[in-house]
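> from the sequence below, what's the structure:
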Amino acid sequence: MVHAKEEKTIVLVKPDGVKRGLTGEIVRRIEQRGLKIIALDMIWATEKQMDAHYPKDEAWIKRLGEKTMNTYKKYGIDPKKELGTSDKLKIGKMVRSWVVDYMISGPIVKMVVKGIHAIDMCRKIAGNTLPYLADMGTVRGDFSVDSPAAANKDKRSVHNVMHASENKEEAEHELKEWFAPEEIHDYKKAEEDIMF
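Modelled structure (predicted):
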């Protein structure tokens, strides 16, 4: 088993985060938490890159549709009237295509973050993927109010400022997709001997 402080994850500052000047704030929160950034780059992603980034398995796509359906149910919105279907898989496919389109609409900042439970820590820093449900004090809770109800009405992705790998498998996949080994530069932070 790899030591917990060796865990790596991917964080992407999405186009809305970049355009709003939130990259520095996100980096600050990550580093303030005791994690370290060992790779960092701004790119304008291609459709092919974003398609490879997001899972294509049916369960993940259905989960996207389910999030929309739950929001619609909560606010009394008829999915058939809004989207022409109530099938979670079909809705998930629509949402996934909107997400890919959004992620190639402007530059993103990609980074590798390393440290104790980096995956869970970065997810905690980011907050709930649906900003209207994210706690204050998280990036999404502090800087976004978007929801699937509003996004789907406009046939677009939810603008939620940043992405953080959800689990170990996703982090490993994304590390290979976004960075070559020679682009990752590990080092020892000054406070590592003090913090852990």
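> contacts only, for the residue positioned nearest the centre of the chain.
Central residue of the chain (C-alpha atoms, centre = their mean): H163, 1.5 Å from the mean position. For H163, the contacting residues are 10-12, 14, 126, by C-beta atoms under 8 Å, 6 or more residues apart in numbering. (Glycine included, C-beta is placed from N, CA and C.)
> ok, V100 next?
V100 neighbours (C-beta under 8 Å, 6+ apart): 47, 50-51, 54.
> need those residues in CSV with pLDDT, distance to H3 and neighbour count, can you?
Output for the contacts of V100, formatted as CSV (pLDDT from 0 to 100; distance: C-beta to C-beta, whole Å; neighbours: other C-beta atoms under 10 Å):
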residue, pLDDT, distance to H3, neighbour count
E47, 97, 37, 11
M50, 96, 32, 19
D51, 96, 34, 15
Y54, 93, 30, 16
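> which one of the residues you listed is nearest to R33?
For these, the residue nearest R33 by C-beta to C-beta is Y54; the value is 25.9 Å.
> and the lowest-mean-pLDDT helix or strand in the chain, how far from the chain's centre?
Using mean pLDDT, DSSP states H and E, the weakest-scoring helix or strand in the chain turns out to be helix 192-195, at a mean of 75. Relative to its chain's centre, helix 192-195 lies at 29 Å (C-alpha atoms, centre = their mean, to the nearest Å).
> mind listing what's buried in that helix?
For helix 192-195, burial by neighbour count (16 or more other C-beta atoms under 10 Å) applies to no residue.
> which strands or helices does that helix pack on?
Helix 192-195 sits against no helix or strand, with contacts defined as 3 or more C-beta pairs under 8 Å, 6 or more residues apart in numbering; DSSP states H and E.
> got the phi and psi for G127?
phi 90, psi 180 (degrees, to the nearest 10).
> for the residue nearest to the centre of the chain, helix, strand, or coil?
Here H163 is strand, with the state taken from DSSP: H, G, I helix; E, B strand; the rest coil.
> can you tell me how far M69 is from R63?
10 Å (C-beta to C-beta, to the nearest Å).
> with neighbour numbers in mind, choose between those two.
Counting neighbours by other C-beta atoms under 10 Å for M69 and for R63 shows that M69 has the greater number, 20 against 15.
> list the buried residues for the helix or strand that contains that one?
Element membership for M69 (DSSP states H and E) is helix 58-74. For helix 58-74, a neighbour-count test (16+ other C-beta under 10 Å) marks 61-62, 64-65, 67-69, 71-72 as buried.
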